[in-house]
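*Asks:* Here is a sequence with its predicted model. Questions after.
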Amino acid sequence: MKFKAMTAIAAVILTVPMWAAADPDDDNLILNGETEMTTKAAAPAHLADVMDEVMSGWHFRSDETQMMQADDFDNPGMVFVENAMNAWNTAEGSEGKSCADCHGDVADMAGVKPTYPKWNEDAGAVRTLQMQVNACRTERMGADAWKYDGGDAIEMEALLSSVSRGMPVDVAIDGPAQKTWEMGKELYYTRTGQLELSCANCHEDNYGNMIRADHLSQGQINGFPTYRLKNAKLNGVHSRFKGCVRDTRAETYKPGSQEFIALELYVTSRGNGLSVEGPSVRN
Amino acid sequence: MKLFTVSLASALTAGMAFAGGVAPQDVVFGEYGEVEVSLSGVAGDPARGAEVYGSKKLGNCVACHEITTQNVAFPGNVGPALDGVADRWNQAELRGILSNSKKTFEGTIMPAYYKVDGFVRPGKAYTGKAADGPLDPLLSAQDIEDVVAFLMTLKDE
């Protein structure tokens, strides 16, 4: 184990930061000294006219923060994954079933996270992973739905993400999901609030630049849920969106709202090709 | 000339409704986004302008701009450095850029500091809640005059 940690550290400090302004760095992320993560990838076709390369938010963080994510023993987010592991195996609700009763070992869920949000035929709607988990809870277990982005939900999402780490994000944006995707795209480019800022103003036009002390990333969500050093907990995608919209001096949308579901699909699709990283570590 | 008369007239009418100055809705922009008439009618104070410029609660211009002679921790670089800005723009132009930069730079990310309507989902400051009444501009007329006076001191030549 010691050895693995060393490898990870070595991998992270490969490049000497030049501090030429604040461009994203060229470090490589090797998880636990064994899984090579794709943190930069050719932009998906639907982004070809606005950028060539998509990059994980990992590249925009300090070496110290990057290192924490490279090894599960140093990643504070993994504690929450362990909590969710217990929940996975615990029967709840009127049917007396646990997640494991239907799905078996959580490792068998590898490959699920990269495809969400995704169209659900029965529901006739796009579902985020948290919505799918809640559908299992209410329809199959007879248990209560978890609060959107609440502790239980975010921990379970982190567990499901953790078993898919290293796999490429690959959400479908065509077929029945297309309408939702388009709604998300519209929201991404809408300038909101008294500051009249869109997601694109910061994360497409200005990634790599500094907005005061904040190094602007592409606002990718392949790393979610993220453990943020700032609030020392796991953070959900919708809560992050909410914070960014609030910072434009706008009335935000709610976690779990149609708008944020659509925006999640759209923003996820901007990272198609990047590795699933959650739970990642950010500041 | 035409432009000048128009702006002056509107400054006068607005002045009656808006104590000694031009209300945000009544600002008249020239062809290139410049604003000829003082928003407050009171000369700007460059020292106070520097404060407004740097204060997170007020202008927070440092979030996006650097002035290399200023000793500010972590100035942003989303916008250009403002060294020598008074050599590039005159007073009316700077006032226009501050009041509504979109009239000078189409589609710019820089917020409009003297604008109160036409927003999508305007919020109540940074609470994330809907605005519960008419919005105040991000900066007052005097704040802007002060910042303009401060920017006018930034000359290289």
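*Replies:* Sure, I can see it. Residues are numbered from 1 along each chain as shown, chains lettered A, B, ... in the order given.
*Asks:* contacts, neighbours, all on C-alpha from now
*Replies:* Fine.
*Asks:* who in chain A is up against chain B?
*Replies:* With C-alpha under 8 Å from any C-alpha of the partner chain as the criterion, chain A meets chain B at residues A:191-197, A:201, A:206, A:209-213, A:242, A:245-252.
*Asks:* Give me the buried subset of the residues you listed.
*Replies:* Among the residues of chain A next to chain B, the ones that count as buried by 16 or more other C-alpha atoms under 10 Å in any protein chain shown are A:191-197, A:201, A:206, A:209-212, A:242, A:245-252.
*Asks:* could you list every residue that touches the residue nearest the centre of chain A?
*Replies:* Against the mean C-alpha coordinate of chain A, by C-alpha atoms, centre = their mean, the closest residue is A:Phe224 at 2.2 Å. Counting by C-alpha atoms under 8 Å, 6 or more residues apart in numbering or on different chains, A:Phe224 touches A:158, A:161, A:235-237, A:277-280.
*Asks:* any idea how far chain B is from it?
*Replies:* Distance, A:Phe224 to chain B, by C-alpha to the nearest C-alpha, to the nearest Å: 22 Å.
*Asks:* And for residue 118, the neighbour number?
*Replies:* In the absence of a named chain, chain A is used. Using other C-alpha atoms under 10 Å in any protein chain shown, A:Lys118 has 20 neighbouring residues.
*Asks:* Chain B was what I was after
*Replies:* Number of residues near B:Gly118 (other C-alpha under 10 Å) recorded here: 10.
*Asks:* Inside helices: which ones of the residues of chain A next to chain B?
*Replies:* The helices, defined by DSSP state H, take in A:201, A:242, A:245-246 from these.
*Asks:* how about the helices in the stretch 151-283 of chain A?
*Replies:* With DSSP state H, counting those that start in this stretch as the criterion, the stretch 151-283 of chain A has helices at A:151-162, A:178-188, A:199-203, A:237-246, A:258-270.
*Asks:* Could you work out the end-to-end span of stretch B:59-78 for me?
*Replies:* Using C-alpha to C-alpha, to the nearest Å, the gap from the first to the last residue of stretch B:59-78 comes to 15 Å.
*Asks:* ok, residues contacting it?
*Replies:* Contacts for stretch B:59-78 (C-alpha under 8 Å, 6+ apart): A:206, A:209-213, B:52-55, B:79-83, B:138-139.
*Asks:* That one: which residues count as buried?
*Replies:* B:59-67, B:74-78.
*Asks:* pLDDT (mean, whole number) over it?
*Replies:* Averaged over stretch B:59-78, pLDDT sits at 93.
*Asks:* ditto for stretch A:87-106
*Replies:* pLDDT averaged over stretch A:87-106 gives 97.
*Asks:* Please list the residues of chain B that sit near chain A.
*Replies:* When proximity is defined by C-alpha under 8 Å from any C-alpha, chain B lies next to chain A at B:62-64, B:74-78, B:109-112, B:116, B:119-131.
*Asks:* any chance of the helices of the stretch 151-283 of chain A in a markdown table, plus distance to A:Pro76 and mean pLDDT?
*Replies:* What follows is these, written out as a markdown table (distance: least, C-alpha to C-alpha, whole Å; pLDDT from 0 to 100):
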| stretch | distance to A:Pro76 | mean pLDDT |
| --- | --- | --- |
| helix A:151-162 | 12 | 98 |
| helix A:178-188 | 30 | 98 |
| helix A:199-203 | 26 | 98 |
| helix A:237-246 | 18 | 98 |
| helix A:258-270 | 24 | 98 |
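*Asks:* Out of those, flag the one nearest B:Met152.
*Replies:* helix A:199-203 (28.2 Å; C-alpha to C-alpha).
*Asks:* Let's see the pLDDT reported for A:Ile13.
*Replies:* 40.
*Asks:* actually B:Ala11, not the one I typed
*Replies:* The model's pLDDT for B:Ala11 equals 42.
*Asks:* next one: the one 5 residues further on
*Replies:* What the model reports as pLDDT for B:Met16 is 41.
*Asks:* Then A:Pro24?
*Replies:* So A:Pro24 comes in at 89 (pLDDT).
*Asks:* is it true that it touches A:Gly208?
*Replies:* Yes. Using C-alpha atoms under 8 Å as the test, A:Pro24 is close enough to A:Gly208 to be in contact (5.9 Å).
*Asks:* that older thread, quick check: of the contacts of A:Phe224, which lies closest to A:Thr138?
*Replies:* A:Ala158 (20.0 Å).
*Asks:* contacting residues around the closest one?
*Replies:* The neighbours of A:Ala158, taking C-alpha under 8 Å, 6+ apart as the test, are A:80-81, A:84, A:224-225, A:278-279.
*Asks:* Report the two of those separated the most.
*Replies:* Farthest-apart pair in these is A:Ala84 and A:Phe224; separation 15.3 Å (C-alpha to C-alpha).
*Asks:* For burial, what's the neighbour tally of A:Gly175?
*Replies:* Count around A:Gly175 with other C-alpha under 10 Å applied: 8.
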